[in-house]
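S.K.: the sequence and its predicted three-dimensional model are supplied below.
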Amino acid sequence: MTASATRPVIEAFFDEPTNTVSYLVADPASGAAVVIDPVLDFDLPSGTADVASAERILAAAQAHGWRIDWVLETHAHADHLSAAPYIKAKTGAAIGIGEHIRDVQKIFRPMFAFDDLVADGSDFDRLFADGDRLAVGGLEIEVMHVPGHTPADVAYRIGDAVFVGDTLFMPDYGTARADFPGGDARTLYRSIRRVLSLPDATRLFLCHDYKAPGRDAYAWETTVGAQRRSSVHVHDGVTEDDFVAMREARDATLAVPRLLLPSIQVNIRAGRFPAAEANGVSYLRIPVKPRAF
């Protein structure tokens, strides 16, 4: 596995309402850049969306004189809506995601009765397979398929940095849940061990942080070595069976993410809202299973 000859410049943007970290990653020599996991600001009670978070990323790119060529999603997020279409509209960037998004679309299409959704991934500009490489200026981006949290999760390796999405959190917080439709704790363990087989000095950039008890500040950068030594869920010595038992027991106690229903509906469409109705308003659906009263 080769690394990019150019060391990327990385800027992180933390969205506290969703505990999400987005990244602007650039090759300063060529000015080419990518955005990873951008957040659309969405207020659930009012149903209104805003692009302030995306604008911060765009402003930073403009200040550096960087050109955003790609928006890369690590997966179809269940805790925030994607701002990928907005960044595409502003910059002409293409939107990429792992090819197994088609599996996720097939899972959720009947759940939301989306008859208009073609579950072939065509909402996205490019679907990445495991091992695919993408040139961005002098950067080479390698795609790693790391399923388990969802079937479609990918990580992006750029030089000595890997953007791991929702596979791992900081060592003091652990690992992602695996109880969403299509998720699997055993598969997640194997994906994590694949990431942790990289050199110890490899930098890992996370998609979320929730501040583990006793830690005062948010954090989103760690290393393979730190995870192997001290991850509370998956340090060296934790077996696959140990991990699966822990993960399944823990997942059974977790609440549904606050923005799960709107996020999934939008993100499986590459960040697009469903088509507007005759009144010009777009509507999201809430599946309800009626009970006898």
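M.R.: Looks like it arrived, so ask away. Numbers count the residues shown, from 1 in each chain.
S.K.: if I look at the residue most central in space within the chain, how far off is residue 156?
M.R.: Nearest to the mean C-alpha position of the chain, counting by C-alpha atoms, centre = their mean, stands residue 74 at 3.7 Å. To residue 156, residue 74 is 7 Å away according to C-beta to C-beta, to the nearest Å. The C-beta positions use only the backbone N, C-alpha and C, and glycine is treated the same way.
S.K.: what touches both of the two?
M.R.: Shared contacts of residue 74 and residue 156, defined by C-beta atoms under 8 Å, 6 or more residues apart in numbering, are found at 36, 163.
S.K.: identify the residues contacting residue 125.
M.R.: Residues in contact with residue 125 (C-beta under 8 Å, 6+ apart) are 94, 95, 96, 270.
S.K.: against residue 177, how distant is the last one?
M.R.: In this case it means residue 270. Counting by C-beta to C-beta, the gap from residue 270 to residue 177 is 23 Å.
S.K.: out of the two, which sits in the more crowded spot?
M.R.: In this view residue 270 and residue 177 are compared by other C-beta atoms under 10 Å, and residue 270 has more residues nearby, 22 against 19.
S.K.: wait, that one touches residue 83, no?
M.R.: No. Between residue 270 and residue 83 there is no contact under C-beta atoms under 8 Å: 11.2 Å.
S.K.: check residue 95 and give its pLDDT.
M.R.: We have a pLDDT of 98 for residue 95.
S.K.: whoops, residue 118 was the one
M.R.: Reported pLDDT at residue 118 in the predicted model: 89.
S.K.: just residue 293 next, same as before
M.R.: pLDDT, read off for residue 293, is 65.
S.K.: so which residues of the stretch 51-200 of the chain form helices?
M.R.: For the stretch 51-200 of the chain, helices defined by DSSP state H, counting those that start in this stretch occupy the ranges 52-64, 84-91, 101-111, 185-195.
S.K.: for residue 45, find the nearest of those helices.
M.R.: Closest to residue 45 of the helices of the stretch 51-200 of the chain is helix 52-64 (C-beta to C-beta; 17.6 Å).
S.K.: which positions within that closest one qualify as buried?
M.R.: Buried residues in helix 52-64, counting neighbours by 16 or more other C-beta atoms under 10 Å, are found at 53, 54, 56, 57, 58, 60, 61.
S.K.: and which of the residues you listed is nearest to residue 289?
M.R.: The closest of the buried residues of helix 52-64, once distances to residue 289 are taken by C-beta to C-beta, is residue 53, at 33.6 Å.
S.K.: partner residues bridging the residue nearest to the closest one when sequence neighbours are not counted?
M.R.: The shortest distance from residue 53 to any non-neighbouring residue, by C-beta to C-beta, 6 or more residues apart in numbering, is to residue 39 (4.6 Å). In this entry, residue 39 is beta-bridged to residue 82, by DSSP bridges.
S.K.: ok, the one 4 residues further on next?
M.R.: Beta-bridge partners recorded for residue 43 (DSSP bridges): residue 48.
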